[in-house]
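1. here you go, sequence then predicted model.
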Amino acid sequence: MFRNDINDTAASVMVAVVFGATTVLQVRQSQRRQHTVDLITNFQSTETLAAADMWMAERIAAGRPVDADVTPDESLHAITILDYYEFLSMLGARGIIDVRLLLELRGGTMKRCFDTCRGYIEHRQAQVGDELYRYFETLIDVYADRLGQERSAASGGPAQSLPRQVPEPESDRHP
């Protein structure tokens with residue numbers, strides 16, 4: 001009888017531990033999603049970022065690439081939006097925000113921004129170093145892979161889900 005009580009107690013403790021661990025993981029995932037949504041929505045209420053986003057949207061809509069030959073005001077807009085996307089991408093690499101949600105909400109916009117600014121990014125990298133905007137570039141690669149997988153799945157190929165985190169750029173990986 002004593003042995004059955006110990007087994008029952010051990011089983012109860014085990015269930016409590018599993019339940020507790022599951023709850024902690026769910027809360028953490030919920031917090032990451034909320035951080036992601038907060039960062040994206042707060043972005044629209046920040047005047048400098050909102051102005052840069054509007055400027056970028058106009059460039060994208062007009063099909064006007066951003067390259068080294070931009071005015072100082074245009075450069076400020078480009079740096080503002082690119083730095084913001086680099087920041088989001090770095091948070092994704094660190095697991096602080098939900099990458100799947102970020103790419104679902106802003107992935108297309110971020111890719112169009114990166115493609116539109118490719119010449120400017122390359123020019124700035126030549127000035128300050130190749131590591132500039134590497135997290136953003138890595139996130140765009142993940143997004144492009146996702147689009148390729150979706151097209152493959154639509155034509156009957158295997159579908160894969162997005163990673164929960166963006167991989168670290170090659171230059172930031174530790175041995």
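-> On my side now, so go ahead.
2. so how far is A50 from Q125?
-> As defined by Cβ to Cβ, to the nearest Å, Q125 lies at a distance of 26 Å from A50. All C-beta atoms are positioned from the backbone trio N, CA, C, and that covers glycine.
3. any regions of the chain where pLDDT drops low?
-> For the chain, the stretches with pLDDT under 70 are 1-4, 10-29, 35, 39-45, 152-175.
4. and the helices in it?
-> 2-45, 47-62, 72-93, 99-116, 118-128, 134-154 (DSSP state H).
5. for the second one, packing partners?
-> The one in question is helix 47-62. The contact analysis (3 or more Cβ pairs under 8 Å, 6 or more residues apart in numbering; DSSP states H and E) places helix 47-62 against helix 2-45, helix 72-93, helix 99-116.
6. then the fifth one?
-> Secondary structure elements in contact with helix 118-128, counted by 3+ Cβ pairs under 8 Å, 6+ apart, are helix 72-93.
7. can we see that at 6 Å?
-> In terms of contacts (3 or more Cβ pairs under 6 Å, 6 or more residues apart in numbering; DSSP states H and E), helix 118-128 is not packed against any helix or strand.
8. that helix versus helix 99-116: what angle between them?
-> 90 degrees (axes from the mean of the first three to the mean of the last three Cα atoms, to 10 degrees).
9. let's have the helices of the chain in a markdown table, adding mean neighbour count.
-> Listed next are those as a markdown table, based on neighbours: other Cβ atoms under 10 Å:
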| stretch | mean neighbour count |
| --- | --- |
| helix 2-45 | 11 |
| helix 47-62 | 15 |
| helix 72-93 | 19 |
| helix 99-116 | 19 |
| helix 118-128 | 15 |
| helix 134-154 | 17 |
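10. nearest spatial neighbour of I140, skipping sequence neighbours?
-> The spatially closest residue to I140, leaving aside those adjacent along the chain, is F114, at 4.7 Å (Cβ to Cβ, 6 or more residues apart in numbering).
11. quick one: the one you found from A68, how far?
-> Taking Cβ to Cβ, one finds F114 at 16 Å from A68.
12. if I look at the residue lying closest to H123 once chain neighbours are set aside, how far off is A61?
-> Here the nearest residue to H123 in space, its sequence neighbours aside, is A68; by Cβ to Cβ, 6+ apart that works out to 3.9 Å. A68 sits at a distance of 22 Å from A61 (criterion: Cβ to Cβ).
13. can you check D98 too?
-> Taking Cβ to Cβ, one finds D98 at 28 Å from A61.
14. do R124 as well
-> 23 Å.
15. and for I140?
-> For I140 relative to A61 (Cβ to Cβ), the value is 19 Å.
16. what's the answer for M90, then?
-> M90 is 28 Å from A61, by Cβ to Cβ.
17. what lies in contact with stretch 107-118?
-> M56, R59, I60, P65, V66, A78, Y85, I140, Y143 (Cβ atoms under 6 Å, 6 or more residues apart in numbering).
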